[in-house]
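In: after the sequence you'll find the predicted model.
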Amino acid sequence: MKIALASDHAGFAYKEKIEQLLAAMGHEVVDFGAHSAESVDYPTFIRPAARAVASGQCERGIVLGGSGNGEAMVANKVRGVRCALCWSIQTAELSRQHNNANMLSLGERQISEELALEIVRVWLAAEFENGRHSPRVEAIEPDSY
């Protein structure tokens, strides 16, 4: 799977660990930055990653920050993106099963590295259940602008 990856400075360390995990799992990673722990503005890196997912250039995306909130907000402004802020195995699994999330947001300052890596594994493995969830997911898409 081709996966977009992006962070700000506060999510940089986990981004690097997640990139290693994804490569070890056989995924192709497109790293949109940041490329160091030097302070940056997260929309600069998150928006291009979200656009890559929305356009189909990447199948899924993972974004990181200190809390993950701002990153999820930026990603969700891009039409066609359903970015879930996850902090547990269950929230990650449900974001795929019920919401068909195509992007994952994590907060490096909120969860352990071990948990972050496990969330990524679970999120990538979980499948959308369709059925009763499909009309709800379709309704997430904003009206035409």
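Out: That came in fine, so what should we check first? Numbering: from 1, shown residues only.
In: please enumerate the strands of the protein.
Out: Under the criterion DSSP state E, strands of the chain are mapped to 2-7, 28-31, 60-65, 83-85, 103-107.
In: in a markdown table: those strands, plus mean neighbour count and mean pLDDT.
Out: The C-beta positions use only the backbone N, C-alpha and C, and glycine is treated the same way. Shown next, in a markdown table, are the strands of the chain (neighbours: other Cβ atoms under 10 Å; pLDDT from 0 to 100):
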| stretch | mean neighbour count | mean pLDDT |
| --- | --- | --- |
| strand 2-7 | 26 | 98 |
| strand 28-31 | 16 | 98 |
| strand 60-65 | 28 | 98 |
| strand 83-85 | 25 | 97 |
| strand 103-107 | 28 | 98 |
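In: identify the residue nearest I18 in space, chain neighbours excluded?
Out: V120 (5.6 Å; Cβ to Cβ, 6 or more residues apart in numbering).
In: burial measure for that neighbour, as a count.
Out: For V120, the count of nearby residues is 22 (other Cβ atoms under 10 Å).
In: how much space separates it from Y42?
Out: Using Cβ to Cβ, to the nearest Å, V120 is found at 19 Å from Y42.
In: okay, now L94: neighbour count?
Out: L94 has 16 nearby residues by other Cβ under 10 Å.
In: need the contact list for it.
Out: With Cβ atoms under 8 Å, 6 or more residues apart in numbering as the criterion, no residue contacts L94.
In: what's the separation between it and H133?
Out: 10 Å.
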